[in-house]
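**Q** Build me a model from this:
(one chain, ligands or ions: 2)
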Amino acid sequence: MRILFISLVLAATVFGYEDEPLAYGNFPDGFVWGVATSAYQIEGGWDEGGKGLSIWDVFTTDWDSNGKVACDSYHKYKEDVQLIVNLNVTHYRFSIAWTRIFPDGVGETVNEEGILYYNNLIDELKRNNIEPVVTLYHWDLPHALEEQGGWLNADIAVWFEEYARACFVNFGDRVKFWITLNEPYVVAHLGYGIGIFAPGISGSGTSEYIAAHNLLRAHAKAYRLYEREFKNQQGGIIGITLDAGWPIPEDDSQPNIDAAERNIQFDLGWFANPIFSENGDYPQIMKEKIAEKSQLQGYEKSRLPEFTQQEIIELKGSSDFFGHNFYRGFMVADFQSDIGSISQDADKDTFVYADPTWYTTGSSWLNVTPFAMRSILNWIKTTYNNPKIYITENGVSDKAGNLDDFGRVYWYKHYINNVLKATMDGADVKGYFAWSLMDNFEWNAGYTEKFGLHSVNFTDPALPRRPKKSTELFSAIVRSNGFIEGLIPCE
Ligand SMILES: *[C@@H]1O[C@H](CO)[C@@H](O)[C@H](O)[C@H]1NC(C)=O
Ligand SMILES: *[C@@H]1O[C@H](CO)[C@@H](O)[C@H](O)[C@H]1NC(C)=O
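**A** Numbers count the residues shown, from 1 in each chain. Ligands and ions are numbered 1, 2, ... in the order given. Predicted structure coming up:
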């Protein structure tokens, strides 16, 4: 696989990690601080309250661990709210399980018990002066809809619009901050591309482009519905949360610089360009590359679908902010993929890897690269005309889950400091949400990779939560809205 050894040595010398000096300073007034979770990862209560089966309930059927109980937040939500209060944050980002609202995904009437659960949670948050930030879709599609093709069925744009309507109608009097989709890249690429996430469909370079297309169409429909029928009266904001790592060119040769740009256009521009750019369409480089390769591969037309004029109009500008989940940087080099290889990764013609000098974490895909936070925020600022940005997730895993979590202390200090530096560079960052409130079900890693600010003892049936050391540093940054000399050491 290319001249990997030489690349790594080169990378380590050119881009080796060094602790750069941290900056003292405050975040802008009104900066939003929060913590985040998602329904399938924490709720449990998988067959309670009239809930239907989701694709994750089905996908994990034969696994050793699953989200049937998880952190049991379905019953312990009041305790969770107190953890949030104790962190001194003002916002809590959680997701609604579509299957609690419509057990079969669609229907004439909502499931009242599901509405009641979220009403109770929202009311408990409001009583404690915590603003709810609600994600409508964090990967737990109703299984009944997957049986009709799920995100591959074009009708899903309307199914999602109707589910969004039920949420706006029932919760919009109190919820003023909506996120339509969480990480559509992961839904498409891992769910319908390489097939390692539910629903486990393999169709990289083919099905995943269709899933992504329908995710974008569905997002736009929900955004326009809110804008048309709810925004004036309810006065909230609504947007999308994307994700992508930051590509660092292997060296400063033009082919590698171009490869890094191409990589982020394929990962982030894929979803961001239709929404945040002037042309309301996929990035030009994606359209060209996929069309060219599709032709050479004998396809009658490009594997990348096309939007109608109407869809482009709906998509363009369909987000009140740029939500971004940010975790890591990686090295990128130019690489000519084999034309016989049909996949989204092959379409990029890049080669990516981690620099061996970077700290590792509890997740194989995750390295500690705080400087990359500043870089990607500046890239988003420049590429999409300075949008309002919320970091809707950022955090780190370990396997130990110990309370004296020095790695997480380092992570939050350095990553949040790089958000601060990006604001000083002029990026319009409006808020930051730590992932995650507590250890939880980390998808196909089960309970082995722990991202929590609080630990949860999953072998104790009472599932007790305990604050880790990192809560103290995070909370101190939140309380002072920045890094204040004498309060938070920057060395
Ligand atoms: C932070 O939270 C604690 C626990 O709820 C509370 O006692 C304290 O007053 C809060 N501090 C600030 C500055 O809000
Ligand atoms: C977790 O709970 C189990 C069962 O109650 C207990 O034996 C164990 O000591 C607990 N672990 C920690 C780290 O508290």
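**Q** Run through the residues that contact whichever residue of the stretch 151-300 of the chain sits closest to ligand 1.
**A** Closest to ligand 1 within the stretch 151-300 of the chain is residue 177: 20.4 Å, counting by Cβ to the nearest ligand atom. C-beta here means a position set from N, CA and C on the backbone, and glycine is covered the same way. By Cβ atoms under 8 Å, 6 or more residues apart in numbering, the contact set of residue 177 is 91, 131, 132, 133, 134, 236, 237.
**Q** pretty sure the second one contacts residue 125?
**A** Okay, so that is residue 131. Yes: here residue 131 reaches residue 125: they are 7.3 Å apart, a contact under Cβ atoms under 8 Å.
**Q** tell me, what's touching those two both at once?
**A** If you check residue 131 and residue 125 against Cβ under 8 Å, 6+ apart, the residues they both contact are residue 92.
**Q** Those two: which has the busier surroundings?
**A** Shown here are residue 131 and residue 125; by other Cβ atoms under 10 Å, residue 125 has more neighbours (23 against 18).
**Q** Counting neighbours, what do you get for residue 404?
**A** By other Cβ under 10 Å, 10 other residues sit near residue 404.
**Q** Show the contacting residues for the nearest residue to it once chain neighbours are set aside.
**A** Of all residues not flanking residue 404 in the chain, residue 469 sits nearest, at 5.2 Å (Cβ to Cβ, 6 or more residues apart in numbering). Going by Cβ under 8 Å, 6+ apart, residue 469 touches 403, 404, 405, 406, 408, 409.
**Q** sorry, back to before: beta partners of the residue of the stretch 151-300 of the chain closest to ligand 1?
**A** Note on residue 177: beta-bridge partners residue 237, judged by DSSP bridges.
**Q** and stretch 389-402, how far apart are its ends?
**A** In stretch 389-402, first residue to last residue: 32 Å (Cα to Cα, to the nearest Å).
**Q** Quick one: distance of it to the chain centre.
**A** Chain-centre distance of stretch 389-402: 11 Å, with Cα atoms, centre = their mean, to the nearest Å.
**Q** what's the answer for stretch 257-272, then?
**A** 17 Å.
**Q** pull the CA atoms of that stretch into PDB?
**A** What follows is stretch 257-272, C-alpha atoms only, in PDB (Å, rounded to 0.1, in the frame of the first residue of the first chain):
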ATOM      1  CA  ILE A 257      -2.600  20.100  -0.900                       C
ATOM      2  CA  ASP A 258      -5.200  19.400  -3.600                       C
ATOM      3  CA  ALA A 259      -5.800  15.900  -2.100                       C
ATOM      4  CA  ALA A 260      -6.500  17.400   1.300                       C
ATOM      5  CA  GLU A 261      -9.000  19.900  -0.100                       C
ATOM      6  CA  ARG A 262     -10.600  17.100  -2.200                       C
ATOM      7  CA  ASN A 263     -10.900  14.900   0.900                       C
ATOM      8  CA  ILE A 264     -12.900  17.500   2.900                       C
ATOM      9  CA  GLN A 265     -15.100  18.300  -0.100                       C
ATOM     10  CA  PHE A 266     -16.000  14.700  -0.300                       C
ATOM     11  CA  ASP A 267     -16.600  14.300   3.500                       C
ATOM     12  CA  LEU A 268     -18.000  17.700   4.500                       C
ATOM     13  CA  GLY A 269     -18.700  19.500   1.200                       C
ATOM     14  CA  TRP A 270     -20.900  16.600   0.100                       C
ATOM     15  CA  PHE A 271     -23.600  17.800   2.700                       C
ATOM     16  CA  ALA A 272     -22.400  21.400   3.300                       C
END
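**Q** How about the residues of the stretch 351-491 of the chain by ligand 2?
**A** By the rule Cβ under 6 Å from any ligand atom, the part of the stretch 351-491 of the chain lying against ligand 2 is 457, 459, 460.
**Q** Quick one: classify the second one as helix, strand or coil.
**A** Right, the one you point to is residue 459. Three-state call for residue 459 (DSSP: H, G, I helix; E, B strand; the rest coil): coil.
**Q** Roughly how far does it sit from residue 65?
**A** From residue 459 across to residue 65, the span is 12 Å (Cβ to Cβ, to the nearest Å).
**Q** now swap in the last one and tell me
**A** Residue 460 sits 15 Å away from residue 65, taking Cβ to Cβ as the criterion.
**Q** tell me the mean pLDDT over the host helix or strand of residue 330?
**A** If you go by DSSP states H and E, residue 330 is part of strand 329-334. Mean pLDDT, computed over strand 329-334, is 98.
**Q** just checking, what packs against it?
**A** Applying 3 or more Cβ pairs under 8 Å, 6 or more residues apart in numbering; DSSP states H and E, one finds that strand 329-334 makes contact with helix 4-15, strand 246-249, helix 254-264, strand 350-353, helix 371-383.
**Q** Relative to the whole chain's centre, how far out is it?
**A** 21 Å.
**Q** Compute the inter-axis angle for it and helix 371-383.
**A** Orientation check (axes from the mean of the first three to the mean of the last three Cα atoms, to 10 degrees): strand 329-334 against helix 371-383 gives 60 degrees.
**Q** Direction included, what does strand 329-334 pair up with?
**A** Under the criterion DSSP bridges, strand 329-334 sits next to strand 246-249 (parallel), strand 350-353 (antiparallel) in its sheet.
**Q** can I get the ones you listed in a markdown table with mean pLDDT and distance to ligand 1?
**A** Listed next are the strands paired with strand 329-334 as a markdown table, based on pLDDT from 0 to 100; distance: least, Cβ to the nearest ligand atom, whole Å:
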| stretch | mean pLDDT | distance to ligand 1 |
| --- | --- | --- |
| strand 246-249 | 98 | 33 |
| strand 350-353 | 98 | 41 |
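**Q** how about the ones you listed in CSV, adding distance to residue 257 and mean neighbour count?
**A** Formatted as CSV, those follow (distance: least, Cβ to Cβ, whole Å; neighbours: other Cβ atoms under 10 Å):
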stretch, distance to residue 257, mean neighbour count
strand 246-249, 5, 24
strand 350-353, 12, 20
